[in-house]
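Peer 1: 3D, please:
(one chain, ligands or ions: 1)
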Amino acid sequence: MTFKKISFLLSACLWCGAALAQNITISTPKTSMVLSAPIGGNLNYVYYGSKLSPTDLENIETTHPSLYSAYPVYGMNCPTEAALAVKHADGNMSLEMEVVNVTTRIEKDGELTVVELKDKIYPFFVNVYYKTFNGTDVIETWTEIKHQEKKPVSLNRFHSAYLPIRRGNVWLTHLYGSWANEGKVIQEPLQPGVKMIKNKDGLRNSHTAHPEVLFSLDGRPQENSGAVIGAALCYSGNYKLMVDTHDDEYHHFFAGINEENSAYTLPKEEVFTTPALALTYTNEGLSGSSRNFHGWARQYKLANGNQPRKILLNSWEGVYFDINQEGMDQMMNDIASMGGELFVMDDGWFGDKYQRNTDNSSLGDWVVDTRKLPDGIEGLLRDAKKNGVKFGIWLEPEMANTTSELYEKHPEWIIQAPQRDPVLGRGGTQVVLDLTNPQVQDFIYQLVDNLMTNYPEIDYIKWDANMAIMNHGSTYLANDKQSHLYIDYHRGLEKVCQRIRAKYPDLTIQACASGGGRVNYGLLPYFDEFWVSDNTDALQRIYMQWGTSYFFPAIAMGSHISACPNHQTFRTIPLKYRIDVAMSGRLGMEIQPKNMSEEEKALCKNAIAAYKEIRPIVQFGDLYRLQSPYDNLGVASLLYATPEKDKAVFYWWKTEQFANQHLPRVKMAGLDPDQVYTIKELNRVDNEPLSFEGKRFTGAYLMANGLDIPYSHKLDYHKLNDYASRVLYLEAAQ
Ligand code: DGJ
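Peer 2: Numbering: from 1, shown residues only. Take a look at the predicted model:
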């Protein structure tokens, strides 16, 4: 595809009319972004919001003055924050960029606009990219930085993007949390000062915080109304998102790689590409922003985002490290008999010289432990076939233990500060392999390639990563490039992922990192899904999945029915409620089925059958969050609807239990007001049906009033409990 050169004047005809000869408009179906880009002048930001008409476009600058650079650089306005700060080869710390060219081209999946900038004095260049994606309201923006100076230039800060956001009553929604408590929502009004969201783990970048944020522009965030700008940094490594507010009319939002301990020495002609920042704008509140991200993700940013996900049983909480042939066969048989489609064998299956009976050995020694599995992977695949399920396997490819044959052979392959003993991780022996090293990249690629070549029937890989980069140092990187470690690690990881995906596009791969430590759009193009959290407690999952859903679609959220008392919170929750929560994501099980009663198995079997019916709605539908658990009103509720609005699934979970309690009646959203829907309860356990079972209501009624959901279940006395939940299936009359 060749670039269409668009000159200063040509851009006038193509985009905006003669009056806006220097402006660029990036358009999506419902949004516009306007930039001012006169050749020889500055690239400035003008407008980002709902779609502009030709009349509004003509006059936009009279009311949206282009005050701020669209990619501010350091040196000629030092007191303000900058996206890019460098030290030239001669020691000069300043940049002053001017537009030298603007081009646009139609690509198969959208349109790409490139604004080429050059320093006024130095042979130093920045290309600023804006990419739209057909059928979505998402614009990705990123930069490419390069130079032709005689000696390397030091990049001291290299954010992906900057966006000024008009002040008023702007609220920020973002996620925080840590192991077993990921994706918690925090909402706060933006105040003067700096709000910083950052990560320094090196590897797991969605533990502690998340590189995605939402700005509600009209005051306190609303789910289904109000203007919202969403931003997601598509990066798997350390990041910094910063909102700087001082005494002017804008909040100044920057996002990019965290430059701390990562100054980058850029040689002549090497291109430094920053990760994309995905932006979206909507007038339909936080849920509208989520729908924009979800649609874009399923179409463009999630491996196999258009393929339904299988219902699986994962062995971890069922048997932990206690893997053996008969046990795996029994679990496969059990999940098959409940209607499941896939069995995944988790940790504990490998190791020869060192046996993996706990977490302190064998990572890196990816050979079957024949003491546990005498028939090897062949035997497991044979049993999977016999039981009529697919088979998946756990790996932690980026890691080793010091008690491993791999470490004995290649001690130089680990990340370690020069001249110091490595700081060790999980089990007191875990270390991170140095993915900056191409030999390590090959080792990891070959691990997957050999496995898949030898056993092409393997359907699924759970790719785990349970350690931070604790030590700074690489034996592969040159002494003057040690500060490249964090960045080059993720480049190395991406290269491996690209190679794997080029050969195995259909393999399902889950991103797991001590639970939800790797939930980001840097990696998801290579992964089909992620493990939301190691915490499988249904009540806490409501909060975590709620937060995660702000940016990530249900199809990608591994959500499993587990045992009680729960292994992380020790809470006892009835199976019906555990099922109803798990069914709002990518349904799976994380349990030892042989410890379940026949009645429990029957309930799960029934739920799995029901999930198969609603799977297209949950996994490909539009999300409407209705009642937030974070409002502390005693109930949480959400709904998925098909794009045609002919079918919907409504979830309702009580989040606390008191006698004589009063809960709000939840109004639905996302339905067609003129359609008539029939209500059917799924996973019913009550002795009698709901009063509105099988009854018909208009979408208008359901959205204005909702249904009065009973606060508890009608059960025999000995079965009464303190949890209530409902899943309602709504189908419009033909
Ligand atoms: C951490 C993961 O999050 C768990 O699901 C499990 O796979 C363990 N690692 C295995 O060691």
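
Peer 1: what comes into contact with the lengthiest helix in the chain?
Peer 2: With secondary structure taken from DSSP state H, the chain has its longest helix at helix 598-620. Contact with helix 598-620 is made by 298, 306, 308-309, 311, 334, 337-340, 553-555, 561, 575-576, 579, 583-587, 589, 593, 596, 640-642, 647-649, 682-683, 685, 727, 729, as judged by CB atoms under 8 Å, 6 or more residues apart in numbering. (Glycine included, C-beta is placed from N, CA and C.)

Peer 1: out of the residues you listed, which end up buried?
Peer 2: By neighbour count, with 16 or more other CB atoms under 10 Å, those hold 298, 309, 311, 334, 338-340, 553-555, 561, 575-576, 579, 583-587, 589, 593, 596, 640-642, 647-649, 682-683, 685, 727, 729 as buried.

Peer 1: right, and the secondary structure at the residue nearest to Tyr729 when sequence neighbours are not counted would be what?
Peer 2: Of all residues not flanking Tyr729 in the chain, Lys680 sits nearest, at 4.6 Å (CB to CB, 6 or more residues apart in numbering). Assigned by DSSP: H, G, I helix; E, B strand; the rest coil, the conformation of Lys680 is strand.

Peer 1: so what's whichever residue of the stretch 251-400 of the chain sits closest to the ligand up against?
Peer 2: Proximity of the stretch 251-400 of the chain to the ligand (CB to the nearest ligand atom) peaks at Asp347, 3.5 Å away. The contact partners of Asp347, by CB under 8 Å, 6+ apart, come to 316, 320-321, 356, 359, 394, 396, 464.

Peer 1: check Val100 too.
Peer 2: Val100 sits next to 39-40, 116-118 when contact means CB under 8 Å, 6+ apart.

Peer 1: save those residues as JSON lines, and put in secondary structure, neighbour count and pLDDT too.
Peer 2: Listed next are the contacts of Val100 as JSON lines, based on DSSP: H, G, I helix; E, B strand; the rest coil; neighbours: other CB atoms under 10 Å; pLDDT from 0 to 100:
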{"residue": "Ile39", "secondary structure": "coil", "neighbour count": "15", "pLDDT": "96"}
{"residue": "Gly40", "secondary structure": "coil", "neighbour count": "10", "pLDDT": "96"}
{"residue": "Glu116", "secondary structure": "strand", "neighbour count": "19", "pLDDT": "98"}
{"residue": "Leu117", "secondary structure": "strand", "neighbour count": "26", "pLDDT": "98"}
{"residue": "Lys118", "secondary structure": "strand", "neighbour count": "17", "pLDDT": "98"}
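
Peer 1: which pair of the residues you listed spans the longest distance?
Peer 2: Using CB to CB, the pair of those lying farthest apart is Gly40 and Glu116, separated by 12.1 Å.

Peer 1: which residues of the stretch 501-650 of the chain lie near the ligand?
Peer 2: Residues of the stretch 501-650 of the chain lying close to the ligand by CB under 6 Å from any ligand atom are 512, 514-515, 531, 534.

Peer 1: burial count for Asp646?
Peer 2: Counted with other CB atoms under 10 Å, residues neighbouring Asp646 total 17.

Peer 1: correct me, but it touches Leu730?
Peer 2: No - here Asp646 does not reach Leu730: they are 9.2 Å apart, not a contact under CB atoms under 8 Å.

Peer 1: low-confidence stretches in the stretch 1-150 of the chain?
Peer 2: Scanning the stretch 1-150 of the chain with the threshold set as pLDDT under 70 gives 1-21.

Peer 1: strands of that one, start to end?
Peer 2: Counting by DSSP state E, counting those that start in this stretch, one finds strands in the stretch 1-150 of the chain at the ranges 4-6, 23-27, 31-36, 44-50, 68-69, 84-87, 97-107, 110-119, 124-132, 138-147.

Peer 1: next, format those as JSON lines and append distance to the ligand.
Peer 2: As requested, these are exported to JSON lines (distance: least, CB to the nearest ligand atom, whole Å):
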{"stretch": "strand 4-6", "distance to the ligand": "47"}
{"stretch": "strand 23-27", "distance to the ligand": "39"}
{"stretch": "strand 31-36", "distance to the ligand": "37"}
{"stretch": "strand 44-50", "distance to the ligand": "38"}
{"stretch": "strand 68-69", "distance to the ligand": "42"}
{"stretch": "strand 84-87", "distance to the ligand": "37"}
{"stretch": "strand 97-107", "distance to the ligand": "37"}
{"stretch": "strand 110-119", "distance to the ligand": "35"}
{"stretch": "strand 124-132", "distance to the ligand": "33"}
{"stretch": "strand 138-147", "distance to the ligand": "29"}
